[in-house]
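In: predicted model follows, preceded by the sequence.
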Amino acid sequence: MKPSWITGIILTAIAGATISAISIFQRTNQPSIALTEEWTATQVIDGDSITVRQTDGSQMSVELCGIDAPELKQAEAPGQPLAHEAKQKLLKLIAAADNQLMIVPVEKDNKGRTVAEVMAYGKGETDISFQEELLKDGLAKMRKSEVECPNHLAFEQAQKIAKASKVGVWSQSN
């Protein structure tokens, strides 16, 4: 074979693999999840739940992927320790981002909420992961799910930092 034939075969194989990958992604992608990334935060429900809106007015309830923050007081149930602190941390992260968030949808939960990674543009090239920040401060724990968040390894490291530092939920005896 001539070298140009080899190059042609390699390029054809790469093109075929790319088309296959796109086809697989399109079949496995859940069409009910909005794929637009940039949203404006309109409400913080608690330390791991927010409501966001797009410029066209559409709204979406978002549950932060991969974490579980202490729950705030409900109608007759007492709130969990650090629930208020977790919500305040999330409010500060959103305020620092001027309410402009990047939402990376992962799945829909059984309540119809979009489970997603939530980030904001940081200084320079670094994006700020809200999940990592809550985990590092010990204001959330990792949640096991059938679907892994894209940055679950970073979340594990953030939780290890909080455990080693004995902050937040990790400062309590149980």
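Out: Good, I have the coordinates.

In: please make it C-alpha for all contacts and neighbour counts, starting now.
Out: OK.

In: now this structure, which segments are flagged as low pLDDT?
Out: The model of the chain has pLDDT under 70 over residues 1-5, 7-13, 15-37, 74-79, 125, 172-174.

In: domain ranges for it?
Out: 1-30, 38-171 (automatic domain parsing).

In: packed most tightly, which of those domains would that be?
Out: domain 38-171 (a mean of 18; mean count of other CA atoms under 10 Å).

In: that one: end-to-end distance?
Out: 35 Å (CA to CA, to the nearest Å).

In: what about that domain, distance to the chain center?
Out: 7 Å (CA atoms, centre = their mean, to the nearest Å).

In: specify the local secondary structure of the spatially most central residue of the chain.
Out: The chain has Glu117 as the residue nearest its centroid, 1.1 Å off, counting by CA atoms, centre = their mean. Three-state assignment for Glu117 (DSSP: H, G, I helix; E, B strand; the rest coil): strand.

In: who's in contact with it?
Out: Contact analysis of Glu117 by CA atoms under 8 Å, 6 or more residues apart in numbering lists Leu64, Cys65, Ile103, Val104, Pro105, Val106, Ser129, Phe130, Gln131, Cys149, Pro150.

In: could you find the closest non-adjacent residue to the fifth one?
Out: Spelled out, it's Pro105. Ala116 (4.2 Å; CA to CA, 6 or more residues apart in numbering).

In: pretty sure the one you found contacts Asp109?
Out: No: look at Ala116 against Asp109 with CA atoms under 8 Å: they stay out of range, at 10.2 Å.

In: Glu71 contacts Ile45, doesn't it?
Out: No: using CA under 8 Å as the test, Glu71 is too far from Ile45 to be in contact (9.8 Å).

In: who are the packing partners of whichever strand or helix holds Thr42?
Out: Using DSSP states H and E, Thr42 sits in strand 38-46. Counting contacts by 3 or more CA pairs under 8 Å, 6 or more residues apart in numbering; DSSP states H and E, strand 38-46 is packed against strand 49-53, helix 83-96, strand 100-108.

In: just the C-alpha atoms of the helix or strand just after the first one, please, in PDB.
Out: As assigned by DSSP H and E, the chain's next helix or strand after strand 49-53 is strand 59-64. Presented in PDB, the C-alpha positions along strand 59-64 are these (Å, rounded to 0.1, in the frame of the first residue of the first chain):
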ATOM      1  CA  GLN A  59     -37.400  27.900  34.300                       C
ATOM      2  CA  MET A  60     -35.900  24.800  35.700                       C
ATOM      3  CA  SER A  61     -35.600  23.300  39.100                       C
ATOM      4  CA  VAL A  62     -32.000  22.000  39.600                       C
ATOM      5  CA  GLU A  63     -30.700  19.500  42.200                       C
ATOM      6  CA  LEU A  64     -26.900  19.600  42.500                       C
END
